[in-house]
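**Student:** Generate a structure from the sequence data that follows.
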Amino acid sequence: MVTYSITNYCTKRAIRIKILGWCILLSLIIPTHLIGQMRTALAFDGIDDHVVLDPSFAGQLSNRQQLTMEIRFTFNALKSYDAIFAFRDYRGYRNSYIFELQTSGGGGNRLATNISNGTEDFREAWESQMEIGKEILVSVVFDGTLSRAKDRTKMYIDGVEQRLTGGNRAPSRLANISPSIPIYIGREVNRYSNITVSELRFWSTARTASEISTYAVEESIDPYDADLLASYTFNMDYNEQYPAILSRLNEASGKPYSGTLNNFAYFGSTSNYVTMAAVLPVDVVTFTGETAARDNQLEWTVMAESDVHYYMVERSSDGGESWEPISTILARANGAFGTYTYKFSDLDPAAGAYYRLQIVDFDGTSSISEVIYLQRFSQESFGVHPNPTSDAITINLPSRGEVMLELSDLAGRRIWIKKYVTEESVLRETADAPPGLYVLTARAAGENWSKRLVVR
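**Tutor:** So this is what the prediction gives:
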């Protein structure tokens, strides 16, 4: 009788075929996007679920001048100061040895990292905007060899470096951490995160931006890489019948740095192991659009494109009930490093239209991008685009002459107010506001017009 099992080791799959007691090991290479369809992840409830890594791993994280931690996860809920990863030798407020990643205050919609060797150095990715239900890869890089303390800590989200604000006291070397100090995933003392984690890895080097972008794809690394201290994939064998084994998080290459799962369920409808969506053969970093005088201009930037055949641009004029293909753009960046930007102009735009991309692989499988909406305005109407925006906006003014523009948050607090005297019907401005939801109001000739504006 022939039996087989599949063991998850990055893009390689080891298939063990047992024949009459002998075990034959075969190695197959399977495309990354097919591997993604098999993977599972571990959901943390935000109440008491957490993972503790083996105490011996403290020695791997201690007394280093360089370290990179990467974790791929999804927020199921956002709360202030929830720890995603932490090890901390607590010596009193602002006097601890720390390496942690957590959410910020104010609702937890931003990420922050704290790397300390006795003096707290809390730094926040101010422009990051966390979303519930969106899987992200966060990379925290420590490089104590750099001369300026504020340059020693970096954070990347999906391969894009974030602007960090706050502390400037990062140490030149990580502290020696006692094996008695717990190394947590999803917990820090009495704070727990409501997240779903699919991958965690540690490097003994300060990874560069190009290295992080190159290896941002799920399971694209070699677990036997000499610089890789440990790698965890949170995959579960659904045929496993032994809870003691299910409660252990194994290191992918067999290193003795396993983790222990605490308070999780392993079977049935309450199981904390969940099936993740298939990993796409490309990461669409941004998909944006704006209206021009005669057309609608679409632009999308991709990273880690692999085995993509083409992008089909689709349009809907009925709120997404039906879609029509309007163009096919062949993929041009398969296997390339870094990012690549595609552009397309809709020369027959409707007054209001939704757009999306259908990403088609060489084997015929496909996936759908996010949806964006573009609305074209007449000269007598008031509008703002692109919306959402990261900074620059174009405003269609409702009236010529003297116009007052005011930006306020949803609580009515004024962000800024500006006065214009113009004979033009279109004005170009900057949002000049942190990420969030706002109301842009125009006042002219005794009338008011308002539009909601999303700043990313």
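**Student:** Listing request: residues of the stretch 151-300 of the chain with sub-threshold pLDDT.
**Tutor:** Residue ranges of the stretch 151-300 of the chain with pLDDT under 70: 214-224, 235-246, 267-270, 275-282.
**Student:** The stretch 201-350 of the chain: strands as residue ranges?
**Tutor:** 228-232, 248-249, 259-262, 273-275, 283-291, 296-303, 308-316, 324-330, 339-346 (DSSP state E, counting those that start in this stretch).
**Student:** now for these, which one comes closest to residue 429?
**Tutor:** Across those, residue 429 has its closest neighbour in strand 283-291 (13.9 Å, CB to CB). Every C-beta, even on glycine, is put in place using the N, C-alpha and C of the backbone.
**Student:** As CSV, could you dump the C-alpha coordinates of that closest one?
**Tutor:** Presented in CSV, the C-alpha positions along strand 283-291 are these (Å, rounded to 0.1, in the frame of the first residue of the first chain):
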residue,chain,number,x,y,z
ASP,A,283,1.0,42.2,-5.6
VAL,A,284,-0.9,45.2,-6.9
VAL,A,285,0.6,47.8,-4.7
THR,A,286,-1.6,50.7,-5.9
PHE,A,287,-4.5,51.0,-8.3
THR,A,288,-5.6,54.6,-8.9
GLY,A,289,-7.4,56.7,-11.5
GLU,A,290,-8.2,60.3,-12.3
THR,A,291,-10.3,62.2,-14.8
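**Student:** Can you give the distance of it from its chain's centre?
**Tutor:** When C-alpha coordinates are averaged (CA atoms, centre = their mean, to the nearest Å), strand 283-291 and its chain have centres 16 Å apart.
**Student:** Could you list the residues in contact with it?
**Tutor:** Strand 283-291 is contacted from outside by 158-160, 216-217, 296-304, 339, 349, 355, 357, 359, 369-370, 372, 374-377, 385-386, 394, using CB atoms under 8 Å, 6 or more residues apart in numbering.
**Student:** List only buried entries from those.
**Tutor:** 158-160, 216-217, 296-298, 300, 302-304, 339, 349, 355, 357, 359, 369, 372, 374-377, 385-386, 394 (16 or more other CB atoms under 10 Å).
**Student:** Just the element for residue 437, please.
**Tutor:** strand 436-444 (DSSP states H and E).
**Student:** buried sites along the following helix or strand past that strand?
**Tutor:** Next helix or strand after strand 436-444 toward the C-terminus (DSSP H and E): strand 447-455. Across strand 447-455, burial judged by 16+ other CB under 10 Å covers 449, 451, 453, 455.
**Student:** which residues in the stretch 101-250 of the chain form helices?
**Tutor:** 209-214, 243-246 (DSSP state H, counting those that start in this stretch).
**Student:** Report the backbone C-alpha coordinates of the first one in PDB.
**Tutor:** The C-alpha coordinates for helix 209-214 follow below in PDB (Å, rounded to 0.1, in the frame of the first residue of the first chain):
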ATOM      1  CA  ALA A 209      14.800  47.500   0.700                       C
ATOM      2  CA  SER A 210      15.500  45.400  -2.500                       C
ATOM      3  CA  GLU A 211      15.900  42.200  -0.500                       C
ATOM      4  CA  ILE A 212      12.600  42.800   1.300                       C
ATOM      5  CA  SER A 213      10.800  43.600  -1.900                       C
ATOM      6  CA  THR A 214      12.200  40.500  -3.600                       C
END
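**Student:** Now do that helix: distance to the chain's middle.
**Tutor:** Counting by CA atoms, centre = their mean, helix 209-214 comes out at 14 Å from the chain centroid.
**Student:** what sits against residue 117?
**Tutor:** Counted by CB under 8 Å, 6+ apart, residue 117 has contacts 97, 171, 173-175.
**Student:** Dump the residues you listed into CSV; add neighbour count as well.
**Tutor:** Converted to CSV, the contacts of residue 117 look like this (neighbours: other CB atoms under 10 Å):
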residue, neighbour count
97, 22
171, 19
173, 14
174, 22
175, 18
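**Student:** which pair in these spans the largest distance?
**Tutor:** With CB to CB as the measure, no two of the contacts of residue 117 lie farther apart than 97 and 173, at 11.0 Å.
**Student:** Now residue 69. Nearest residue, chain neighbours left out?
**Tutor:** Closest residue to residue 69 apart from its sequence neighbours, by CB to CB, 6 or more residues apart in numbering: residue 140 at 4.9 Å.
**Student:** out of the buried residues of strand 447-455, which one sits closest to residue 68?
**Tutor:** Using CB to CB, residue 455 comes nearest to residue 68 of the buried residues of strand 447-455, at 30.4 Å.
**Student:** which residues does that closest one bridge with?
**Tutor:** residue 389, residue 436 (DSSP bridges).
**Student:** Equivalent analysis for residue 325, please.
**Tutor:** On the basis of DSSP bridges, residue 325 is bridged to residue 314.
**Student:** Does it touch residue 313 like I think?
**Tutor:** Yes - Residue 325 lies in contact with residue 313 (CB atoms under 8 Å); the separation is 7.1 Å.
**Student:** So those two - more neighbours on which side?
**Tutor:** Between residue 325 and residue 313, residue 313 has the larger neighbour count (other CB atoms under 10 Å), namely 20 against 10.
**Student:** confidence score at that one?
**Tutor:** pLDDT recorded at residue 313 is 94.
**Student:** which residue packs closest to it, ignoring adjacent ones?
**Tutor:** Nearest residue to residue 313, sequence neighbours excluded (CB to CB, 6+ apart): residue 327, at 4.4 Å.
**Student:** Residue 209 versus the one you found, what's the distance?
**Tutor:** Distance check for residue 327 against residue 209: by CB to CB, to the nearest Å, it reads 32 Å.
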